[in-house]
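>>> structural data only, the sequence is not supplied:
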């Protein structure tokens, strides 16, 4: 079974040429390497404290450049409209993205609040020069823009460009699992089994959301809300990175807590509650996709009736 009939995957064939799967993989890794190099160059040229608002804006600049590179490839090499990368209906799409932010924030809040209520997490003071509480709210809201850019960058590259490329040739199971595996690997979680499982599950969940919705709008928002919740709402490390210094709250594992549940220094993504939350979300997204796939298959028959 192939994904070629899915409207989102079919959009990749709307241009002059389609990026073959092997070239898609090369571009994927090349862009990740360029992003790492950009971040390193910016850090050297403009050193700022890790986790600071300046660091978040600095990362956003690198992400914008990377997004521009992917869009340039799609527009100049494939010669197709950029909206076919998953951004049709921009007016409605922006509202869908904002809805996704709320969904992502709610999804990550489930395991975090569970850990807090059960005493696995406790409120702490945060890093040096931290800003928190209501005085930090205006800056926190402003920083949401940087998180949306960061999440959209990864979705455009992985669930947009790469999924559309491999979806032209690979069977469904491989087109779903291979990008998810690569997504987990490039996040450097190979030595942390639970974190690897969580991020892999997120990638599978994200793929089903995109195939279900036939666009990137919702998943860009969900990705942003997930990271925003950890980094700027609850003050927890995002994928093992240093905690942000600006957050509404700062939570950390309490004395005697279980790393298997809290994720330890890696953050919530390294704990079982987050993995379970994503497993359940993946089931929901899978069911949504399968129902939409059935509607696509039935459409010609209905049209001729």
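Everything's here; your move. Just so it is clear, the model here is predicted, and its values are computed rather than measured.
>>> what ranges do the strands span in the stretch 151-300 of the chain?
For the stretch 151-300 of the chain, applying DSSP state E, counting those that start in this stretch gives strands covering 251-253.
>>> over to the stretch 1-150 of the chain?
Counting by DSSP E, counting those that start in this stretch, the strands of the stretch 1-150 of the chain are 121-123.
>>> how about low-confidence regions in it?
Along the stretch 1-150 of the chain, segments meeting pLDDT under 70 span 1.
>>> ok, residue 122 - contacts?
116, 251, 252, 253, 254 (C-beta atoms under 8 Å, 6 or more residues apart in numbering). C-beta coordinates here come from the backbone N, C-alpha and C atoms, glycine included.
>>> of those, which is the most crowded?
residue 251 (25 neighbours; other C-beta atoms under 10 Å).
>>> who's in contact with the nearest residue to it once chain neighbours are set aside?
Excluding the flanking residues, the one nearest residue 251 by C-beta to C-beta, 6 or more residues apart in numbering is residue 121, at 4.5 Å. Residue 121 sits next to 112, 115, 251, 252, 253, 254, 257, 262 when contact means C-beta under 8 Å, 6+ apart.
>>> could you redo the last one with a cut-off of 7 Å?
Residue 121 makes contacts with 112, 115, 251, 252, 253, 254, 262, as judged by C-beta atoms under 7 Å, 6 or more residues apart in numbering.
>>> now render the contacts of residue 122 as JSON lines, adding distance to residue 165.
Below are the contacts of residue 122 laid out as JSON lines (distance: C-beta to C-beta, whole Å):
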{"residue": "116", "distance to residue 165": "41"}
{"residue": "251", "distance to residue 165": "39"}
{"residue": "252", "distance to residue 165": "40"}
{"residue": "253", "distance to residue 165": "40"}
{"residue": "254", "distance to residue 165": "45"}
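>>> which among these gets closest to residue 226?
Residue 226 has its nearest neighbour among the contacts of residue 122 in residue 251, at 15.5 Å by C-beta to C-beta.
>>> from the contacts of residue 122, which is closest to residue 11?
Looking across the contacts of residue 122 and measuring by C-beta to C-beta, the closest to residue 11 is residue 251, at 40.9 Å.
>>> thought residue 235 was touching that closest one, still the case?
Yes - with contacts counted by C-beta atoms under 7 Å, residue 251 reaches residue 235, the gap being 6.0 Å.
>>> quick one on the thing from earlier: farthest-separated two in the contacts of residue 121?
Largest pairwise distance in the contacts of residue 121, by C-beta to C-beta, is 13.3 Å, between 112 and 254.
>>> count of neighbours near the closest residue in space to residue 155 that isn't next to it in sequence?
Leaving aside its chain neighbours, residue 155 sits nearest to residue 220 (4.9 Å; criterion: C-beta to C-beta, 6+ apart). Using other C-beta under 10 Å, residue 220 has 30 other residues around it.
>>> same deal with residue 102?
By other C-beta under 10 Å, the burial measure for residue 102, its neighbour count, is 12.
>>> need the contact list for it.
residue 225.
>>> which non-adjacent residue is nearest residue 51?
residue 242 (4.3 Å).
>>> and the pLDDT for the one you found?
At residue 242, the model reports a pLDDT of 83.
>>> that one contacts residue 52, correct?
No - applying C-beta under 7 Å as the test, residue 242 and residue 52 come out as separate, 9.4 Å apart.
>>> of the two, which one has the most company?
residue 52 (18 against 14).
>>> how close does the more buried one sit to residue 75?
Counting by C-beta to C-beta, to the nearest Å, the gap from residue 52 to residue 75 is 34 Å.
>>> before we move on, what about residue 86?
14 Å.
>>> so these two - more neighbours on which side?
Neighbours of residue 86 and residue 75, each counted by other C-beta under 10 Å, are more numerous for residue 86; the result is 25 against 14.
>>> residue contacts, the more buried one?
Counted by C-beta under 7 Å, 6+ apart, residue 86 has contacts 8, 160, 210, 215, 216.
>>> now those as JSON lines including neighbour count and distance to residue 272?
Listed next are these as JSON lines, based on neighbours: other C-beta atoms under 10 Å; distance: C-beta to C-beta, whole Å:
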{"residue": "8", "neighbour count": "23", "distance to residue 272": "32"}
{"residue": "160", "neighbour count": "28", "distance to residue 272": "30"}
{"residue": "210", "neighbour count": "27", "distance to residue 272": "26"}
{"residue": "215", "neighbour count": "24", "distance to residue 272": "31"}
{"residue": "216", "neighbour count": "27", "distance to residue 272": "29"}
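>>> ok so, going back, give the contact list for the residue nearest to residue 155.
97, 100, 151, 152, 155.
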